[in-house]
Structures are given as structure tokens and as C-alpha cells.
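**Student:** Sequence and predicted model, in that order:
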Amino acid sequence: MIKACIFDLDGVIVDTAKYHYMAWKRLADQLNIPFNEKDNERLKGVSRMKSLEIILDLGSLNLNQEEKEELAKKKNNWYIQYISKMDKSELLPGVEEFIKNLKRKGIKVAIASASKNTKLILKRLNLEDTFDAVIDGTMISNAKPNPEIFLRASDYLNLKPEECVVFEDAVAGVQAAKKAGMKVVGVGEEEVLKGADKVIKNFENVDLTLIEGI
Ligand code: B16
Ligand code: MG
């Protein structure tokens, strides 16, 4: 029986991908590296440093650790500027209602996000007191597709992995959830999220029957 729903943040609760893209694009332009929205797909669910390494690869640029950290910091400062004006209107359609329905039924809700800006984003969205557990990129050593982040969430909730359903928009996230032994609902395109048990486009008109018998 499903006792908890664990949500990825970027791309599932809120569309921050466009702000990540704006900040990475600004950095890539400064470095004269060609980078477009299609390249940006590869960064979804991937850590900040790994994302930077993918971009540097596109430009065949080799930098040392210190230089990379400097660039990652620069990108993050721009990103924080962009999301500082974000509010509830940028929540993905239907997700807030879906979470409310889960809570009414006594199903626990958690966040498991690679983002080190998770707490800031939840605050901007007025959701800082909504979740029973928030596990973010500051609390884990192994990024998705490693299952660590989801297992930390189920541990925190004192639940078995098979009692949890994960909601994910990224392939790496779907793989991580599967490795954790959890059910997965993909949020996005079916062709992209093939490994998921079910796929929804967004949470509009989605009720709790989605997770019954998953
Ligand atoms: P930050 P998620 C991920 O969040 C994003 O999908 C990914 O694009 C981003 O690089 C990563 O967080 C790290 O974010 O730079 O804010 O620490 O999808 O796991 O919620
Ligand atoms: Mg995501």
C-alpha cells in the first residue's frame, strides 16, 4: 500500500528549467560555447557541477577545479536573481491541489531534489511548511541516477521503499527511483520517460486513483 509520494522539485512542482537555461545560456555565451534548448535537456535532474561539465564538453574546454567552481558560482548567482521574483503562479498545473488531496487522505509528501536551492524555491512558492520531508542536493553524496536521495526520503519517513511513489521529470530521476525499489510516475513525455510505471503530462485532472494499485 502506498503511504508516501516523493516529488522531484524542478520540472515536477515548478518550472525552474527555463531559469536554469537562461543562466547556463548566459554563461555559455560568455565562454563562446554553442548551447541551445535541446542541449539543455541533458542538464535536467543533473547536479550543478555535472551540468557545467556537460557545457564545457560542448565547447571542448578544459578547466581546473577552481575555475569550474568560479563559473558554477557565477551561474548560480544569476539563477538566484532570476528565481527571486518567482511566485505561486509558476507552480505546475494541478500540482498544489494534488498534494492537498494526498495530505487529506493521510498520505505523506516529500521532496527529493538535486537542487541546492530547494529551500529557497519552496519559500518563494510559499510551500516551506507543506512537506513531511525535504531532502536536497546539500544533503546527499551521490547524485541521481544513484538512488541515495530517494532512500534518504523513505528512511526519514520511516517507510519501506515499496510504500513510496516517486514523481520525476528526468530520466536520471526515474532510474534512481527504480533502483531504490520504488514505483515511479513520470511527469512529461512518454517517449522520454520510458522506464516509469505511469506517465502523466502534468497534474491537471489527476486524482488519487493514479497511485491506487500502481
Ligand atoms: P542547483 P531536480 C535539479 O533539480 C535540476 O533539474 C537540474 O537542472 C539542476 O542542475 C540541479 O537540480 C541542481 O540545481 O544548481 O539549484 O543546485 O529536478 O532534482 O529538482
Ligand atoms: Mg526534475
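**Tutor:** All right, it came through fine. Ligands and ions are numbered 1, 2, ... in the order given.

**Student:** This protein against ligand 2: which residues are in contact?
**Tutor:** Within the chain, the positions near ligand 2 by CB under 5 Å from the ion are 8, 10, 11, 45, 169, 170. All C-beta spots, glycine's among them, are computed from the backbone N, C-alpha and C.

**Student:** for this protein, which helix is longest?
**Tutor:** Assignment by DSSP state H gives helix 65-83 as the longest helix of the chain.

**Student:** Okay, buried residues for that one please.
**Tutor:** 68, 71, 72, 75, 78, 79, 82, 83 (16 or more other CB atoms under 10 Å).

**Student:** which residues touch the first one?
**Tutor:** Spelled out, it's residue 68. Taking CB atoms under 8 Å, 6 or more residues apart in numbering, we find residue 68 in contact with 49, 52, 53, 56.

**Student:** And the nearest residue to residue 108 once chain neighbours are set aside, how far from residue 12?
**Tutor:** In space, and not counting its chain neighbours, residue 108 is closest to residue 4: 4.0 Å by CB to CB, 6 or more residues apart in numbering. Here residue 4 is placed at a distance of 15 Å from residue 12 (CB to CB, to the nearest Å).

**Student:** Kindly report the domain assignment for the chain.
**Tutor:** Split into domains by automatic domain parsing, the chain comes to 4-15+88-212, 17-83.

**Student:** Sheet partners, orientation included, of the host helix or strand of residue 134?
**Tutor:** Here residue 134, judged by DSSP states H and E, is contained in strand 133-135. Sheet pairing for strand 133-135, assigned by DSSP bridges, gives strand 108-112 (parallel).

**Student:** Tell me the helix or strand right after the partner strand.
**Tutor:** Remark: after strand 108-112, the chain's next helix or strand is helix 118-124, criterion DSSP H and E.

**Student:** can that next one be found next to ligand 1?
**Tutor:** No - Helix 118-124 does not reach ligand 1 (CB under 6 Å from any ligand atom); its nearest approach is 7.1 Å.

**Student:** Show me the strands in the chain, by range?
**Tutor:** With strands called from DSSP state E, the chain shows them at 4-7, 108-112, 133-135, 164-168, 183-187, 198-200.

**Student:** All set now, cheers.
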